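Chemist: Next one to model:
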Amino acid sequence: MLINIVKAFTNRFLQFFVVLFVLYSLNARAYQVKHLSIEDGLSNGTVNAFATDSLGYMWLGTSIGLNRYSGYEIKQYSISEFSNTKNNNIKEVINYKGELYIVGRDGVLLKYRYQQNDFIELFYQPAFQFISACVIDNKIIFGLAQGLLMYDLDKKKLGEVMYSDFTLNFRLIVQEQSVY
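Modeler: Down below sits the predicted model:
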């Protein structure tokens, strides 16, 4: 009698784990992780910023350049070729409403032109050192060592430094239409 109870319990226990395994397998997703390095064509081994664009490319910003990864190969871009800046340090890569914006440390904002496979400089203000950036309501907010700066994408106009008592704005986060 005891043996029948143990067998029944064991069968139920195994059935439970089989069902659990099947349910877990249905929800599990396989991810492929690929490590990119200088040997793969990356301009630098340390990535400061990244974003994917509307075509599926992954854009990687480093301290010495911008890289576009197709899933197969890496193409390097030097932002100094498209701007007055001599520094290729990328602080942020922003994909906003299908447009790609590149924020350079030395106060430069570039926009990628897909048809021409190049960039246009929206502005260059070397007096500013950008340390972060985010987008809210068609405006790019730049974090500075002291304060915030805003660029209006609709008006194509750079504003004045705001909140200069805010220091070392290394990370800007947009949540519920607010910047933190």
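Chemist: where does the chain have low pLDDT?
Modeler: For the chain, the stretches with pLDDT under 70 are 1-31.
Chemist: tell me the domain boundaries of it?
Modeler: Residue ranges for each domain of the chain read 1-30, 38-179, as given by automatic domain parsing.
Chemist: List the buried residues in stretch 58-78.
Modeler: Within stretch 58-78, the residues that count as buried by 16 or more other CB atoms under 10 Å are 58-63, 65-69, 74, 76-77. To be clear about C-beta, it is placed using only N, CA and C from the backbone, and glycine gets the same treatment.
Chemist: quick one: which of those is nearest Tyr96?
Modeler: Set against Tyr96, the nearest of the buried residues of stretch 58-78 by CB to CB is Trp59 (12.7 Å).
Chemist: still on that earlier bit, from the buried residues of stretch 58-78, which single one is nearest Phe50?
Modeler: Leu60 (4.8 Å).
Chemist: any idea which element the closest one lies in?
Modeler: According to DSSP states H and E, Leu60 maps onto strand 58-62.
Chemist: Same check on Asn169?
Modeler: Per DSSP H and E: nothing holds Asn169, as it lies in no helix or strand.
Chemist: what do you get for Ala51?
Modeler: Per DSSP H and E: Ala51 is located in strand 47-52.
Chemist: Would you list the strands that the host helix or strand of Val93 pairs with, along with their directions?
Modeler: Assessed by DSSP H and E, Val93 sits inside strand 90-96. Its sheet considered, strand 90-96 pairs with strand 99-104 (antiparallel) by DSSP bridges.
Chemist: What angle do strand 58-62 and the partner strand make with each other?
Modeler: Using axes from the mean of the first three to the mean of the last three CA atoms, to 10 degrees, one finds that strand 99-104 and strand 58-62 are set 10 degrees apart in direction.
Chemist: what sits up against stretch 38-49?
Modeler: 36-37, 60-67, 73-76, 88-93, 103 (CB atoms under 8 Å, 6 or more residues apart in numbering).
Chemist: Tell me the buried residues in the strand holding Val93?
Modeler: 90-95.
Chemist: Also stretch 168-180?
Modeler: For stretch 168-180, the neighbour count (16+ other CB under 10 Å) marks 169, 172, 179 as buried.
Chemist: Stretch 103-120 now?
Modeler: Across stretch 103-120, burial judged by 16+ other CB under 10 Å covers 103-110, 112, 119.
Chemist: Pick the one among those residues closest to Gln146.
Modeler: Distance ranking of the buried residues of stretch 103-120 against Gln146, using CB to CB, places Gly107 first at 13.9 Å.
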